[in-house]
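Visitor: What would the 3D arrangement of this be:
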Amino acid sequence: MYPRWRYYPVWRKPEPWVEEVLGVFATAKDLINSAERHLESPAVQAHLRPGLEAIGFRIEGAGKLTRPVLFGDEGSVVKSFNVDGFREADGLALEVEAGGAVYNNRILLDLIKMCLAVDVRSGIIAVPQQYTTPKQTWQPPYVESLKLFDSIYANPERFRIPLDGLLVVGY
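Guide: I've put the predicted structure just below:
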């Protein structure tokens, strides 16, 4: 199945925007399918850019796409995080990861950034279904990501997520 995906929390019906986003990944399948090609995250993001921009996302380009976290004197931003994409209309933040998604805990940092950033209401984290380099084959990042997010969302009393929803996409 392509793309693979899971929406969190699993007890809530996926929001209508999920289909839009998945359509972009499906359209880019021939360019980004991790079962057929090894790409770093900027290359995946570049292939997704036209489709994501067509549905209202701003995508990180030459400059960083920042989301404020804390404000200081005179309302100045004193802490912010960079995101790969953001759709202002409904507060959707996007992060596209590659090999370091699980191994370097990038998905956990992405979740924390989304939870702390101002005006982020829902998140999308895209990870490869498979990740193989000439030197190594990694555990499937998509499957490993689901294990982490299942654990986090399994007990909301231990770890509260302030997002309305989180879409994990395996490309």
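
Visitor: Residue 167 sits in which helix or strand?
Guide: Following DSSP states H and E, one finds residue 167 within strand 165-170.

Visitor: what packs against that strand?
Guide: strand 4-8, helix 17-27, helix 106-116, strand 122-127, helix 141-154 (3 or more Cβ pairs under 8 Å, 6 or more residues apart in numbering; DSSP states H and E). For every residue, glycine as well, the C-beta is placed using N, CA and C.

Visitor: in the sheet, who's paired with residue 123?
Guide: Applying DSSP bridges to residue 123 yields these beta-bridge partners: residue 93, residue 166.

Visitor: Which pLDDT does the model give residue 157?
Guide: Predicted confidence (pLDDT) for residue 157: 87.

Visitor: ok, now how distant is the most centrally placed residue in the chain from residue 70?
Guide: For the chain, residue 125 is the residue whose C-alpha lies nearest the centre (Cα atoms, centre = their mean; 1.8 Å). According to Cβ to Cβ, to the nearest Å, residue 125 stands 23 Å off from residue 70.

Visitor: Tell me which helix or strand in the protein has the weakest average pLDDT.
Guide: Across the helices and strands of the chain, mean pLDDT, DSSP states H and E gives its lowest value to helix 100-103, namely a mean of 85.

Visitor: got a list of contacts for that one?
Guide: 106-107, 125, 127-128, 131, 138-139, 141, 144-145, 148 (Cβ atoms under 8 Å, 6 or more residues apart in numbering).
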